[in-house]
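Student: pasting the sequence and the predicted coordinates here, then a few questions.
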Amino acid sequence: MNSLTKDAQKAAKRVGLRSDKIVINGGKPLVGRIELRGAKNLATKAMVAALLADTPSVLKDVPDISDVVIVTGMLEAYGVSVSNDGNGTLRLDPSNVLKAHFAEIDALAGSSRIPILFCGPLLHRLGEALIPDLGGCRIGDRPIDFHMDALRAFGAIVDKSYEGIRLTAPNGLKGAAIELPYPSVGATEQVLLTAVLAKGVTELKNAAIEPEIMDLIAILQKMGAIISVEPNRVIFIEGVEKLHGYEHRALFDRNEAASWASAALATEGDIFVGGAKQQELMTFLNIFRKAGGAFDIHEDGIRFYHPGTPLKPVVVETDVHPGFMTDWQQPLIVALTKAEGRSVVHETVYENRFGFTDALITMGADIVVYKDGLESISRRVPRRPLEQAAVITGPTKLHGAEIEIPDLRGGFSHLIAALTAEGQSTVTNVGIISRGYEHFIDKLTLLGADFEYEG
């Protein structure tokens, strides 16, 4: 059994899924309504933020996903009491924070990259932080250099060992002037979670400004932090002496919303995504409409549907917010195999994010990946090192196949492909999908998908 399969099985087990395989009979439109809860990329970070407080916090709309289970276990290992009411509301009490051991944290973290965000809060609370070897989706090099450089700027001492990384702050943490080489979401979160209790003022340049970052800033402000977001990706944080708990409802998961939208388009279906909001999806909605998809904005969600007319080719350039998210291109590519003409997707964020297309090609898609990217006079996003491009020529009919899921977003894209394809597909490693998609098996049932799953 390879490490990817082991990770998938562990992820499935965390959320109560007994099988890591699903058999799908494709060719049937997905029709119905599903509901979103909070964003994976906000909820887990908000849970870590609770470590900074001296009183309990309450986080609502937390999704029942594997990554939340991982963070819960890690918080509990550090003495945080975490209670779940069963309806997506967590109460996190950090009043008894204590030190944990490398082996315990390593075992709990699994393939998650969340542990690195514990650094700042733990340095403030305990004067020490332990970080095991980091995992995560296999979509390219995701160095932790940005994180370590930022923590060193605050005054942390970083020691590497065979177990992982140990950080200490014998003189405490002090505000710093930090400029990120790239507007990394994770590094921006690291700076925010560290700077709020550091002595003095922190100036962060070239910060990420994704909606999930803004929601985390809102949480920190509720806790007593002083944070101002300036023009041109500059954020100022004035350190305070202490923070208290928060009560917050997590931002909806815009990645999941875009994934179900792409599923509606690819299967010629009609899906109402409850809880989705227009503002955070504007860039996606523009491309969705250009590709021939239709949507209706409602107060309680967005209806995504195939209007019955041929889909159109599009050119997409992924970018940091407010650009087109890298997480959106993978499910959309499945729908673009049905477009009449040649679509181009320029991936500028991760260098290996097109690995999932191998399975689509096996299923009959006409996709060519250019590992050095493609030049174009119409490019809006500057070329970046290691970027790639995919050219999708359609329309093509997909046929059933045996598929092994490689990563989270690629995995959901494979599900969409199997649902779109003619014939039967067997998809394995589906546990990986549970890292970021809540109750996706139940949602497939609600939408009328034809599948067999022993879960």
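Tutor: Sure, I can see it.
Student: from here on, just use CA atoms for contacts and neighbour counts.
Tutor: Fine.
Student: which residue lies farthest from the center of this protein?
Tutor: Among the residues of the chain, the one whose C-alpha is farthest from the average of all C-alpha positions is N171, by CA atoms, centre = their mean at 34.5 Å.
Student: tell me the secondary structure at that residue.
Tutor: Using DSSP: H, G, I helix; E, B strand; the rest coil, the structure places N171 in coil.
Student: state the phi and psi torsions of the closest residue to it other than its chain neighbours.
Tutor: For N171, the nearest residue in space outside its immediate sequence neighbours is G155; the separation is 7.4 Å by CA to CA, 6 or more residues apart in numbering. Listed backbone geometry of G155 is phi 110, psi 10, with angles given as degrees, to the nearest 10.
Student: how far away is the residue farthest from the centre of the chain from E238?
Tutor: Using CA to CA, to the nearest Å, one obtains 19 Å as the distance from N171 to E238.
Student: show me where the stretch 251-400 of the chain has its strands.
Tutor: If DSSP state E, counting those that start in this stretch is used as the criterion, the strands of the stretch 251-400 of the chain fall at 270-274, 294-298, 301-305, 315-317, 341-347, 366-370, 388-394.
Student: tell me the buried residues in the fifth one?
Tutor: Going back to what we said before, that points to strand 341-347. Of all the residues in strand 341-347, those buried under the rule 16 or more other CA atoms under 10 Å are R342, S343, V344, V345, H346, E347.
Student: the second one and V314 touch, don't they?
Tutor: When you say that, I think you mean S343. Yes: using CA atoms under 8 Å, S343 is in contact with V314, at 4.9 Å.
Student: state the distance from A291 to L281.
Tutor: Computed as CA to CA, the A291 to L281 distance reads 15 Å.
Student: who has more neighbours, the two?
Tutor: Neighbours were tallied for A291 and for L281 using other CA atoms under 10 Å; the higher tally belongs to A291 (23 against 18).
Student: how about D319: what's its closest non-neighbour residue?
Tutor: Closest residue to D319 in three dimensions, ignoring its sequence neighbours and counting by CA to CA, 6+ apart: M325, at 5.9 Å.
Student: low pLDDT regions in the stretch 101-250 of the chain?
Tutor: Within the stretch 101-250 of the chain, the stretches falling below the threshold (pLDDT under 70) are 110-112, 133-143.
Student: now with 50, please.
Tutor: Within the stretch 101-250 of the chain, the segments meeting pLDDT under 50 span 135-142.
Student: the helices in the protein, which residues?
Tutor: Remark: helices of the chain, listed N- to C-terminal, are 3-14, 40-49, 66-77, 102-109, 119-126, 145-154, 185-195, 211-222, 254-266, 282-290, 326-336, 357-362, 408-420, 440-446; assignment by DSSP state H.
Student: which positions in the first one come out as buried?
Tutor: By that I understand helix 3-14. Neighbour counts over helix 3-14 (16+ other CA under 10 Å) mark L4, T5, D7, A8, Q9, K10, A11, A12, K13, R14 as buried.
Student: okay, the angle between that helix and helix 66-77?
Tutor: Here helix 3-14 runs at an angle of 80 degrees relative to helix 66-77 (axes from the mean of the first three to the mean of the last three CA atoms, to 10 degrees).
Student: quick one: contacts of helix 3-14?
Tutor: Contacts of helix 3-14 from elsewhere in the structure, counted by CA atoms under 8 Å, 6 or more residues apart in numbering, are 18-20, 66, 69, 110-111, 406, 429-432, 434-435.
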